[in-house]
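Peer 1: How does the following fold in three dimensions:
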Amino acid sequence: MLGQKKFFWLYPILLWLAFFPTCYIFVFFFILFSYWIKPLIIICFLPISIVIYYSIFILFLLLFAKLILIIINLIHIPKEGIFHINLHDKDFWFFMLRRRIKWFVLKIYNYFPLPWAKILALKTFNIKIPYNTSVLDSFIDSDFIEIGNNTILGEGSIVMSSIVIGDLLLVKRVVLHDGSTIGAFSVIAPGTIVEERAILGMGSFTNINQRLEKNSIYYGRPAKRWKKTDNSFICNKK
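Peer 2: Down below sits the predicted model:
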């Protein structure tokens, strides 16, 4: 997308902001413990220390990214709509600025071994997503996404709240209600609403502004309803 390379300067700034306090903490505790513990013992615990300080680093990264985003949102409030792909368009410019910050942080969090870390980052970026959501290796856009409880996102699935159409950028809220299931390698288009316990089949994609009715199975490209299910009975049965 136009303008991605123009925001590369953000990445070293974010890395420096997170790296500096992490190094300060490392040096402080290394000097502190070196008075009572032999250097050889410290080296033996080096692998555990690396994991701990890496965790501290990504937490600082998330913190500073959130602070920067708060300042950006005070200057220009995020909004849905159709924008021209032009850096002279204020809406598009701020959209790209927020998107590149979030993309960079989420890219780093994807390498963290614990699955809840990605959800923590998404929640920090104001994505409504509970911890009982199964995200696996799915891609979730960084704005205007609402995900309900016990939602399952299959491996390789994509949930998009923005899409480029010609020289225009469309941003529209996506809502996945409680108990909905998105199949592996499926694509959710902007504006899609998936009602309670609706299922989108593997490899399918939705149209823009499509609504998947509750207790129904959809599949196809684009997705069409196949049949109603008895999910409501199953979920309510004790």
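
Peer 1: what stretches of the protein score poorly on pLDDT?
Peer 2: 1-4, 34-46, 230-238 (pLDDT under 70).

Peer 1: Show me what the top helix by length along the chain is packed against.
Peer 2: Ranked by residue count and defined by DSSP state H, the top helix of the chain is helix 46-75. Helix 46-75 sits against helix 10-34, helix 90-109, helix 116-124, with contacts defined as 3 or more C-beta pairs under 8 Å, 6 or more residues apart in numbering; DSSP states H and E. No exception for glycine: its C-beta is placed from N, CA and C like everyone else's.

Peer 1: Same list (these) but as a markdown table, adding mean neighbour count and distance to V194.
Peer 2: What follows is these, written out as a markdown table (neighbours: other C-beta atoms under 10 Å; distance: least, C-beta to C-beta, whole Å):
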| stretch | mean neighbour count | distance to V194 |
| --- | --- | --- |
| helix 10-34 | 14 | 33 |
| helix 90-109 | 19 | 22 |
| helix 116-124 | 18 | 17 |
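
Peer 1: so what's K66 closest to, chain neighbours aside?
Peer 2: Closest residue in space to K66, ignoring its immediate chain neighbours: T124 at 5.4 Å, by C-beta to C-beta, 6 or more residues apart in numbering.

Peer 1: how about that neighbour, what does it touch?
Peer 2: Neighbouring residues of T124 by C-beta atoms under 8 Å, 6 or more residues apart in numbering: 62, 65-66.

Peer 1: Of those residues - the most surrounded one?
Peer 2: Sorting these by how many neighbours each has (other C-beta atoms under 10 Å) puts A65 first, at 23 neighbours.

Peer 1: Check the gap between the closest residue to it other than its chain neighbours and R99 for me.
Peer 2: Of all residues not flanking A65 in the chain, V105 sits nearest, at 4.8 Å (C-beta to C-beta, 6+ apart). As judged by C-beta to C-beta, to the nearest Å, V105 and R99 stand 11 Å apart.

Peer 1: what about the longest helix of the chain, distance to the chain center?
Peer 2: Counting by C-alpha atoms, centre = their mean, to the nearest Å, helix 46-75 is centred 15 Å from the centre of its parent chain.

Peer 1: Show me the domain layout of this structure.
Peer 2: For the chain, automatic domain parsing gives the domain ranges 1-124, 127-238.

Peer 1: So F112: helix, strand or coil?
Peer 2: coil (DSSP: H, G, I helix; E, B strand; the rest coil).
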